[in-house]
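J.: need a structure here:
(one chain, ligands or ions: 1)
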Amino acid sequence: MIGVFDSGYGGLTILEPIRRTLPQYDYLYLGDNARAPYGTRSFQVIYEYTLQAVNYLFEQGCRLVILACNTASAKALRTIQMHDINPDTHRVLGVIRPTVESVFADNQLQERHIGILATQGTVSSQSYVIELKKQWSQRFPTLSLDHLHISQQACPMWVPLIESGEYKETGADYFVNKYLTSLLEQDPLIDTILLACTHYPLLQKKIQDTLLTYLGKRPIPTLIAQGQIVADSLKDYLLRHPEIEADCTKSGRCTFLTTEQADKFTSSASVFLTAPIEAQQVEFHA
Ligand code: DGL
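T.: Numbering: from 1, shown residues only. Coordinates of the predicted model:
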């Protein structure tokens with residue numbers, strides 16, 4: 001089985017494209033809905049919660065776990081990879097590196113203005129800024145970092161709106177407008193906006209509409225959602241690591257676990273997914 005973890009429903013926007021791209025594998029999805037959102041929590045808490053979830057997925061038989069959560073990828077991935085797992089037996093992958101790779105995939109040598117929308121935790125970790133600068137310097141060694149303009153905006157109300165199911169209501173428009181305006185005020189020349197939280201694709205339509213209204217006739221920045229990017233990167237990873245691929249069972253099944261009430265997850269998750277599901281509740285014991 002391949003484990004897919006998020007603080008709540010957001011990872012489903014990653015799981016869906018993964019299953020479309022790699023339907024043969026078995027997946028175990030875990031949403032820590034009872035403790036979401038993670039985005040406003042401290043480094044230590046996010047690390048402890050994420051490690052607990054990863055260990056739980058390992059215990060269930062996953063050899064490979066995808067942190068389908070930017071906040072966990074930003075705050076916990078590196079420490080877990082370096083200190084908590086044996087890479088000979090288990091692997092954990094995040095979503096930040098493949099997302100940044102996709103931004104520069106066209107290899108176009110040009111001035112770039114990148115906007116990042118993310119949780120407070122991801123923004124304060126500076127993980128995207130560090131990774132963008134690193135990959136820019138590797139790809140374009142002759143072009144100074146002065147040509148790379150990065151702006152970040154934390155959107156602390158978006159995950160609660162999504163987790164509560166209120167994200168489609170008109171009340172959500174206020175917060176979509178507020179954070180997008182703040183981002184574009186930092187840099188009106190932004191050409192690419194990263195939806196750097198796996199929950200945010202649920203707001204993509206509202207974000208698109210708000211950009212159209214705000215920018216009028218000016219060019220709309222490219223919006224990058226991570227689902228297909230992470231799916232393609234996982235496909236590539238499995239091709240490069242046949243020893244791990246061989247251990248991933250292949251019956252095309254997917255099981256959904258949540259730390260909240262199962263019936264609540266089952267009905268809310270169906271909004272995100274193409275087919276109905278049946279979730280089970282799990283309890284963590286620290
Ligand atoms: N969906 C997660 C992310 O990508 C976390 C959101 C949260 O729990 O605050 O960052």
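J.: Could you use CA atoms for every contact and neighbour count after this?
T.: Fine.
J.: near the ligand, which residues of the stretch 101-250 of the chain show up?
T.: Within the stretch 101-250 of the chain, the positions near the ligand by CA under 6 Å from any ligand atom are Thr119, Val159, Cys197, Thr198, His199.
J.: how about the strands in this protein?
T.: For the chain, the strands defined by DSSP state E cover 2-6, 27-31, 64-67, 91-93, 112-118, 148-154, 192-195, 222-224, 254-258, 279-281.
J.: Reformat the ones you listed as JSON lines; add mean pLDDT.
T.: Shown next, in JSON lines, are those (pLDDT from 0 to 100):
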{"stretch": "strand 2-6", "mean pLDDT": "98"}
{"stretch": "strand 27-31", "mean pLDDT": "98"}
{"stretch": "strand 64-67", "mean pLDDT": "98"}
{"stretch": "strand 91-93", "mean pLDDT": "98"}
{"stretch": "strand 112-118", "mean pLDDT": "97"}
{"stretch": "strand 148-154", "mean pLDDT": "98"}
{"stretch": "strand 192-195", "mean pLDDT": "98"}
{"stretch": "strand 222-224", "mean pLDDT": "96"}
{"stretch": "strand 254-258", "mean pLDDT": "97"}
{"stretch": "strand 279-281", "mean pLDDT": "96"}
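J.: Turn those into JSON lines, including mean neighbour count.
T.: Output for the strands of the chain, formatted as JSON lines (neighbours: other CA atoms under 10 Å):
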{"stretch": "strand 2-6", "mean neighbour count": "27"}
{"stretch": "strand 27-31", "mean neighbour count": "25"}
{"stretch": "strand 64-67", "mean neighbour count": "24"}
{"stretch": "strand 91-93", "mean neighbour count": "19"}
{"stretch": "strand 112-118", "mean neighbour count": "23"}
{"stretch": "strand 148-154", "mean neighbour count": "20"}
{"stretch": "strand 192-195", "mean neighbour count": "22"}
{"stretch": "strand 222-224", "mean neighbour count": "16"}
{"stretch": "strand 254-258", "mean neighbour count": "20"}
{"stretch": "strand 279-281", "mean neighbour count": "18"}
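J.: would you turn these into CSV with distance to Ser124?
T.: As requested, those are exported to CSV (distance: least, CA to CA, whole Å):
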stretch, distance to Ser124
strand 2-6, 19
strand 27-31, 23
strand 64-67, 19
strand 91-93, 21
strand 112-118, 10
strand 148-154, 9
strand 192-195, 16
strand 222-224, 20
strand 254-258, 27
strand 279-281, 32
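J.: As a check, name the ranges of all helices in the stretch 101-250 of the chain.
T.: In the stretch 101-250 of the chain, the helices defined using DSSP state H, counting those that start in this stretch lie at 120-125, 127-139, 158-163, 171-186, 204-215, 227-240, 242-245.
J.: Just the buried positions in the shortest one, please.
T.: Applying a neighbour-count criterion of 16 or more other CA atoms under 10 Å, one finds Ile244, Glu245 buried in helix 242-245.
J.: Tell me the gap between it and the middle of its chain.
T.: Centroid displacement of helix 242-245 relative to its chain, using CA atoms, centre = their mean, to the nearest Å, is 24 Å.
J.: What of the first one?
T.: Its chain's C-alpha centre and that of helix 120-125 lie 13 Å apart, by CA atoms, centre = their mean.
J.: for stretch 2-20, the distance to its chain's centre please.
T.: For stretch 2-20, the distance to the chain centre is 9 Å (CA atoms, centre = their mean).
J.: Next: stretch 232-245.
T.: The answer for stretch 232-245 is 19 Å, by CA atoms, centre = their mean.
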